[in-house]
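[1] Task: produce atomic coordinates for the following.
(chains A and B)
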Amino acid sequence: MKSKRRLEQAAAVLIALAVWQAAAAIVDRPALLVTPAVVFMKLISICSSPDFLRTAAFSFVRIASGFLLALAAGCALAALAGSFRLVEVLFRPFIQTIKSVPVASFIILCLIVIGSEGLSVLIAFLIVLPIVYTNVLQGIKSTDRKLLEMAKVFRAGLPKKIKYIYLPQLEPHIVSASSVSVGLAWKAGIAGEVIGIPDGSIGEKLYEAKVYLSTAELFAWTVVIILLSIGFEKLFSFILKRLYALTGRSQRWISQ
Amino acid sequence: MDITVTGLEKRYGENRVLTGFTAIFPAGETTCIMGPSGCGKTTLLNIMMGLDFADGGEVRGVPRLMSAVFQEDRLLEGFNAESNIRFVCGKKTYREEIAEHLERIGLAGEHDKPVRNFSGGMRRRVAVVRAVLAKSEILFLDEPFKGLDEKTKLLTMQYVRDNIAGRTVIIVTHSLDEAQAFGGRLINMPVRNETGSRGAGS
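    Now for the predicted structure:
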């Protein structure tokens, strides 16, 4: 079943590449649309260049940091808001504002306040924070009240409640929030870099590709961004699963 | 110290569930509460456990250390039977002790299996062992033998009787046989909306 799905996915990718190749042949203007083969060659050339790893790491570290900081902050703020209704009410306008303000406005504001160096950290943070906050708060609110009552009667402490009741019930909400926000963090983070042009970032490379009308380079760096984004999402999902498995394992360990 | 319930009132909107309920639950003894569905037995337990508020009257003398079998099992779905019991026990409760209690109630070798795969009767028994093993001065048992077949019910009742010595126990039941099996006091709660639903000890 799994291999069949993989086969279907591979076939879909091959068809998409064929459509792209055909479109590039029809347009026949490399400045507008390059062929997949040219992009692939450019990708190899970019990846083998000496500063590739440094450039990729520059953006990866900043966007991943922004994402992880937002995940931690979003969970902490949601826990506060879930515990105290007043806090939730006070947070509401801030979260609503962050949700509604266009990314470009944030980018320009951040450029003025903190400059271009840490721009992508802050932009990724601001994009991810409301998504994580909203999802986790919803999860906390929908926590089984009857289990919480049971914990109250048996006088179970907060650490036990977090481990046995909240974390298992929040798992789908955290997974859903992170899978939605990883991609957005990369999109917004790179957009910030393109506008702020911090030295040695992927955003700077995209900006240069635009200046020199190098469509092949633009496509190649875009492929790099997509791969980094997917890689980060897979890595994060793997770590999250391991952490949850570890909770189960430590549970068994306590039992022994 | 005896638990004293005086003039307890509870209403949900226009629905008067408890109207001046008064009773004494002697410390260290078993009291069974009987009555038709909807007469306020579970509401009374919830108020005594601090899970609900009374509109009037007072409850005095409920010990700090409580344990309960709720009407629903209220188990931690993602965990095994042992973890569910350990959730309410101190670290000093050993694995062997938990396994032994489960064995006594007919769940030998089931301690490390996830409760989500258990049948209704098995889940009920895990909830009973959890309540019994928790360090408590009072046990609130709300229809604890619900959903058990006759043989398992007798085994579970025997298990509870063997493990409640010295603790105050309040059992809500619909069965006179169950109430008689536990001895102690019996409170028959009247049908709702009768004036002055007053618990009568017998």
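
[2] Could I get the full set of helices for chain B?
    Applying DSSP state H to chain B gives helices spanning B:41-49, B:81-86, B:95-104, B:120-133, B:150-162, B:176-182.

[3] so what does the longest one touch, helix or strand wise?
    If I follow you right, that is helix B:120-133. Applying 3 or more C-beta pairs under 8 Å, 6 or more residues apart in numbering or on different chains; DSSP states H and E, one finds that helix B:120-133 makes contact with strand B:66-69, helix B:81-86, helix B:95-104, strand B:138-142, helix B:150-162. Quick note: C-beta positions are derived from backbone N, CA and C, even for glycine.

[4] CA-only coordinates of stretch A:131-143, as PDB, when you get a sec.
    Taking Å, rounded to 0.1, in the frame of the first residue of the first chain, the C-alpha atoms of stretch A:131-143 are listed here in PDB:
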ATOM      1  CA  ILE A 131      -1.000  29.800  14.800                       C
ATOM      2  CA  VAL A 132       0.600  27.900  17.700                       C
ATOM      3  CA  TYR A 133      -1.100  30.000  20.300                       C
ATOM      4  CA  THR A 134      -4.600  29.500  18.700                       C
ATOM      5  CA  ASN A 135      -4.200  25.800  18.200                       C
ATOM      6  CA  VAL A 136      -2.700  25.000  21.600                       C
ATOM      7  CA  LEU A 137      -5.300  27.200  23.400                       C
ATOM      8  CA  GLN A 138      -8.100  25.400  21.600                       C
ATOM      9  CA  GLY A 139      -6.500  22.100  22.700                       C
ATOM     10  CA  ILE A 140      -6.300  23.200  26.300                       C
ATOM     11  CA  LYS A 141      -9.900  24.400  26.200                       C
ATOM     12  CA  SER A 142     -11.000  21.100  24.800                       C
ATOM     13  CA  THR A 143      -9.100  19.000  27.400                       C
END
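
[5] Name the residues of it that are buried.
    Residues A:131-137, A:139-140, A:143 are the ones in stretch A:131-143 that count as buried (16 or more other C-beta atoms under 10 Å in any protein chain shown).

[6] Correct me if wrong: residue A:124 contacts residue A:190.
    No. The criterion here is C-beta atoms under 8 Å, and residue A:124 misses it with residue A:190 at 9.5 Å.

[7] Show me which of those two is the more surrounded one.
    More neighbours surround residue A:124 than the other of residue A:124 and residue A:190, with 30 against 24 (other C-beta atoms under 10 Å in any protein chain shown).

[8] Please tell me how far the more buried one sits from residue A:106.
    According to C-beta to C-beta, to the nearest Å, residue A:124 and residue A:106 sit 11 Å apart.

[9] again with residue A:176
    Following C-beta to C-beta, the distance that separates residue A:176 from residue A:106 is 24 Å.

[10] Could you check which of those two is surrounded by more residues?
    Neighbours per residue, other C-beta under 10 Å: of residue A:176 and residue A:106, the larger number sits with residue A:106, 20 against 14.

[11] Quick check, pLDDT for the nearest residue to residue B:49 once chain neighbours are set aside.
    Closest residue in space to residue B:49, ignoring its immediate chain neighbours: residue A:153 at 5.3 Å, by C-beta to C-beta, 6 or more residues apart in numbering or on different chains. pLDDT recorded at residue A:153 is 95.

[12] what residue ranges in the stretch 151-256 of chain A are flagged as low confidence?
    In the prediction, the stretch 151-256 of chain A carries residues with pLDDT under 70 at positions A:248-256.

[13] residue of it with the smallest distance to chain B?
    When C-beta to the nearest C-beta is the measure, the stretch 151-256 of chain A has its nearest residue to chain B at residue A:154, with 4.1 Å between them.

[14] low pLDDT regions in chain B?
    For chain B, residues meeting the criterion pLDDT under 70 lie at B:191-202.

[15] Around chain A, pick out the residues from it.
    Counting by C-beta under 8 Å from any C-beta of the partner chain, the residues of chain B close to chain A are B:49-51, B:64-68, B:70, B:72, B:74, B:76-80, B:82-83, B:86-88, B:91, B:95, B:112, B:134, B:140.

[16] one step back: closest to chain B among the buried residues of stretch A:131-143?
    Nearest member of those to chain B, counting by C-beta to the nearest C-beta, is residue A:143, at 12.2 Å.

[17] Please, which helix or strand holds the residue sitting nearest the centre point of chain A?
    Geometric centre of chain A, nearest residue: residue A:182, 1.4 Å, by C-alpha atoms, centre = their mean. Secondary structure assignment for residue A:182, by DSSP states H and E: helix A:167-196.

[18] cool, residue A:138 as well?
    helix A:119-141.

[19] could you give the mean pLDDT of that helix?
    Mean pLDDT, computed over helix A:119-141, is 94.

[20] same check, this time on stretch A:42-62
    Confidence for stretch A:42-62, expressed as mean pLDDT, is 92.

[21] how far away is residue B:128 from residue B:173?
    13 Å.

[22] Need the residues touching each of these two.
    residue B:144 (C-beta atoms under 8 Å, 6 or more residues apart in numbering or on different chains).

[23] for chain A, longest helix please?
    Determined from DSSP H, the single longest helix within chain A is helix A:215-255.

[24] roughly how far apart are the residue of the stretch 151-256 of chain A closest to chain B and residue B:76?
    From residue A:154 to residue B:76 the distance is 12 Å (C-beta to C-beta).

[25] overlap in contacts of the two?
    Joint contacts of residue A:154 and residue B:76 (C-beta under 8 Å, 6+ apart) are residue B:87.

[26] Mind listing the residues bridging to the most centrally placed residue in chain B?
    Centroid check for chain B by C-alpha atoms, centre = their mean gives residue B:141 as the closest residue, at 1.0 Å. Applying DSSP bridges to residue B:141 gives these bridge partners: residue B:69, residue B:171.

[27] check contacts around it.
    Residue B:141 neighbours (C-beta under 8 Å, 6+ apart): B:68-69, B:128, B:131, B:160, B:169-172.

[28] Give me the buried subset of these.
    Of the contacts of residue B:141, these count as buried by 16+ other C-beta under 10 Å: B:68-69, B:128, B:131, B:160, B:169-172.

[29] Of those residues, which is the nearest to chain A?
    For the buried ones among the contacts of residue B:141, the nearest to chain A is residue B:68 (5.0 Å; C-beta to the nearest C-beta).

[30] my guess is the closest one meets residue B:132, correct?
    No. Using C-beta under 8 Å, residue B:68 is not in contact with residue B:132; the gap is 10.9 Å.
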